[in-house]
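Undergrad: Mind folding the following:
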Amino acid sequence: MQNVNRRETTLDGKISKKIEENLAQIKEIYDYPQNSDIVIKEFTLGINPFQKAFAVYIEGMTDVDLLNHYMVRPLMGIVKISTKPL
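TA: From the prediction side, this is the model:
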C-alpha cells in the first residue's frame, strides 16, 4: 500500500499532449511490466496521417474480443495493431 501512495504523490495526474509521456505515466502508476495483470495494447489510429494510441486493461477482467471489435478496430480504420513500442 505504501508504494501506491508514493506513486500518487510523485505523479501529477495530468494528461499530456505527448502520448509517450502519458504511456510512461500509466506504466509507472501500474508498475508495468512487473504487474502482469495490466495489459497495454499499442496501435495506430486512422490511415493518413497516423496517430499513435494505446489501450490499457486488466487481464482476465476484459473481453479482449469485444475490446478489439468495438473499440480498437473502429478507431484504427484498416490499420492493424502494432506490437512495437510507441
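Undergrad: What ranges does the protein have for its helices?
TA: 2-10, 19-29, 64-67, 73-76 (DSSP state H).
Undergrad: and those helices, which one's lowest on average pLDDT?
TA: Least confident of the helices of the chain, judged by mean pLDDT, is helix 2-10 with a mean of 48.
Undergrad: can you tell me the distance between the two ends of stretch 64-74?
TA: 14 Å (CA to CA, to the nearest Å).
Undergrad: same question, stretch 46-66
TA: Stretch 46-66: ends 20 Å apart by CA to CA.
Undergrad: same thing with stretch 33-43?
TA: Rule used - CA to CA; the end-to-end distance of stretch 33-43 is 18 Å.
Undergrad: Quick check: mean pLDDT of that stretch?
TA: pLDDT averaged over stretch 33-43 gives 93.
Undergrad: Tell me the gap between that stretch and the middle of its chain.
TA: 7 Å (CA atoms, centre = their mean, to the nearest Å).
Undergrad: in it, what counts as buried?
TA: Of all the residues in stretch 33-43, those buried under the rule 16 or more other CB atoms under 10 Å are 38-43. Glycine gets a C-beta too; all of them are placed from N, C-alpha and C.
Undergrad: Can you tell me how far E59 is from Q34?
TA: 14 Å (CB to CB, to the nearest Å).
Undergrad: Apologies, that question was intended for Y57.
TA: Separation of Y57 from Q34 (CB to CB): 17 Å.
Undergrad: And N22, by the same measure?
TA: Going from N22 to Q34 by CB to CB gives 19 Å.
Undergrad: Equivalent analysis for A53, please.
TA: Separation of A53 from Q34 (CB to CB): 23 Å.
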